[in-house]
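**Q** Structure for this input, please:
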Amino acid sequence: MDGSNSIFQKGASQDKTEMLQVVSFLENFCEELEEVIEVFAPNPFFLMSLFLIRNHIEGKTVTPTSLISAAHIPYATASRRVKEMIETGLIEQRPRTSSGKSFSLHPSEQLLDGWMQLSTRIRRLAELEFGASGKRPESTDYYFGGSYMATKSIPPLQVLGEPLKLAGGVRVLVHGDPTFMVMETLKRQFEQAIGLPIHQRAFSIDRLREEALKNAERPTSRYDIIAVDLPWIGEFVEKGVLLPLDEAVDLARLDPADFHTAGWKAAHWGGRAYGVPAQTTPELLFYRRDQFADAGLEPPATTDELLDAARALHDPQRGRYGIAWNAARGTALGHTFLTTLSDFGQPIVDLDEIAGGFDTENLHLRNYRFTIDTTVGLRAAEYLMELLKYSPPDILSMSWYERIRPFAAGRVAMAYGYTLLAPYFEGDSSSPAFGQTGFLPHPAGPGATQVAPVGGYVMGIPANLPEERRAAAAEALRVFTSPEAQKLYVQNGSRTNPRYSVGADPEVRRSSAIFEAVDAMSWRDELQFWPRPPVPEISDVIRICGEELHDMLRGIVSPATALSRAQARSDETLENKRRS
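**A** Numbers count the residues shown, from 1 in each chain. Next up, the predicted model:
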């Protein structure tokens, strides 16, 4: 991770939730009233609600004794007030021990919903009463009284009515990226929500794939939930790694319509869903708005405009370069070639063109072939050769994180990067790119349309998970991917989001311009997963392309030779897989 977790920790400490801000305000307000008015009598229901909400947000356990203490009234009276709140449905009790004699207390959905409305009203009243000069500039963001989607705020993560029953707790296998590390940071809150310990193992992308495949060969899965990179779906289904979701959960409970279309479709193989989107992180073009403005440049919409901008902003004598991208040998460069092919309007396999992209519905029939050594492939390879001219000198060793670090440090003007890496500059106020970054879909080649290739992970259930663990694992999976959970990830630094509702949340939209930009791309059908189709051979082909094109970038072979070699090796891989 090399420091990415610290960036997120920094972002988390700076990003208070709106509800917690309102709780703090009201707590302080009550203290001020007590100081000014000696006969002030605090409302015990109000004080206990504040205490419940704060501890729920912070993931702390509330016992009857601690809640009674928060009421600031005699013990017996406070005990009766707690009982009244339980009877009216404001507090939920959860057994803390197998005997059922000890309980923890949690705010009910009714109380949380009411508190969300109160938080909104308090902010609105404060804006109206104490806003600058009593009026609101039209140019500022204002979420109250706006559209329905813009004012619909997602409540905090709620505890389950009954704790899940899974011997040993929930075992999760994930990728060691910033979003999943946010989940680890928030583990205490999720453990409170599901009532079970969470044991999370995180690996690099290649080791994650190896461990998931090795786990599938075991008689019994070591994990209840595993994270799956989107291009692996076909391979994992064909090899029996994943359980079809509809065998473990009612899909309607997941609210499929709320997921970005590309992310939800990418979780399918042969018409069935095998995972729930946990991260939808498109690869975008990050660019420095201030440097573009100073140079009189417009944001690039085409590959030619991007090359012009890179050329204009490339100044190696001053340690500044035009663009950074994935050019390290193997998997990293292979991904770049696939997405660059899509920029020029062609997928890596011969998919049928349809409105809004290419048809991926029948990939499971395995009647495709790889399309690498083509006219479009040559254009894409030559484009990469041009990018090389305006890149940092260490570009041939740059991969996922390395391409973002020089952008965050102010050494490059543009970088292709996934949204999950934005905290490198959005979470660091000392970064020259902080507050100065624009977000665009990939610029398109001649005759093509702009796309934002979708990356990220789904979370699925291993096919070899014992049947008696499946229902509880599915419920934990639902909680981890719920709108409430996704909002919590964002509030703690994540810049990935698979759901429309989360992207529309006022607090989420205020946290980063990324969410509004990605939502707009989704509505314009620019978010697409066909650039990296989830065919079973895709991991091998990505690696092959990354090896052959790396030799091209080093000047060892010509673009035509690199494509020819990559095509031959990919064809051989496809034939071997079909024979086996």
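
**Q** buried ones in the strand or helix carrying residue 577?
**A** According to DSSP states H and E, residue 577 maps onto helix 559-579. Buried residues in helix 559-579, counted by 16 or more other Cβ atoms under 10 Å: 559, 562, 563, 564, 565, 566, 567, 569, 570, 573, 574. Heads up, the C-betas are built off the backbone N, CA and C, glycines and all.

**Q** Which elements pack onto it?
**A** For helix 559-579, the contact count by 3 or more Cβ pairs under 8 Å, 6 or more residues apart in numbering; DSSP states H and E identifies helix 375-388, helix 538-553 as packing neighbours.

**Q** Would you format those helices as JSON lines with mean pLDDT included?
**A** Converted to JSON lines, those look like this (pLDDT from 0 to 100):
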{"stretch": "helix 375-388", "mean pLDDT": "98"}
{"stretch": "helix 538-553", "mean pLDDT": "97"}
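
**Q** would TSV of those helices with mean neighbour count and distance to residue 358 be doable?
**A** As requested, the helices and strands packed on helix 559-579 are exported to TSV (neighbours: other Cβ atoms under 10 Å; distance: least, Cβ to Cβ, whole Å):
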stretch	mean neighbour count	distance to residue 358
helix 375-388	19	13
helix 538-553	23	15
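
**Q** can you tell which of the ones you listed is closest to residue 330?
**A** With Cβ to Cβ as the criterion, residue 330 lies closest to helix 538-553 of those, at 4.3 Å.

**Q** Rounded mean pLDDT for stretch 356-371, please.
**A** The average pLDDT for stretch 356-371 rounds to 90.

**Q** Stretch 476-494 too?
**A** Mean predicted lDDT for stretch 476-494 stands at 93.

**Q** cool, stretch 306-316 as well?
**A** 98.

**Q** tell me the contacts of residue 229?
**A** The neighbours of residue 229, taking Cβ atoms under 8 Å, 6 or more residues apart in numbering as the test, are 175, 205, 208, 209, 455, 456, 457.

**Q** can you do 7 Å?
**A** Neighbouring residues of residue 229 by Cβ atoms under 7 Å, 6 or more residues apart in numbering: 205, 457.

**Q** That one bridge partners, please.
**A** residue 457 (DSSP bridges).

**Q** which regions of the stretch 101-250 of the chain sit below the pLDDT cut-off?
**A** Residue ranges of the stretch 101-250 of the chain with pLDDT under 70: 120, 123-152.

**Q** quick one, strands of it?
**A** Ranges of strands in the stretch 101-250 of the chain, per DSSP state E, counting those that start in this stretch, are 103-107, 170-175, 198-203, 225-229.

**Q** Equivalent analysis for the stretch 401-550 of the chain, please.
**A** 412-418, 437-440, 452-460, 527-528.

**Q** Serialize those strands to JSON lines and add fields for mean pLDDT, distance to residue 230 and mean neighbour count.
**A** Formatted as JSON lines, the strands of the stretch 401-550 of the chain follow (pLDDT from 0 to 100; distance: least, Cβ to Cβ, whole Å; neighbours: other Cβ atoms under 10 Å):
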{"stretch": "strand 412-418", "mean pLDDT": "97", "distance to residue 230": "12", "mean neighbour count": "26"}
{"stretch": "strand 437-440", "mean pLDDT": "96", "distance to residue 230": "20", "mean neighbour count": "21"}
{"stretch": "strand 452-460", "mean pLDDT": "94", "distance to residue 230": "6", "mean neighbour count": "28"}
{"stretch": "strand 527-528", "mean pLDDT": "92", "distance to residue 230": "11", "mean neighbour count": "26"}
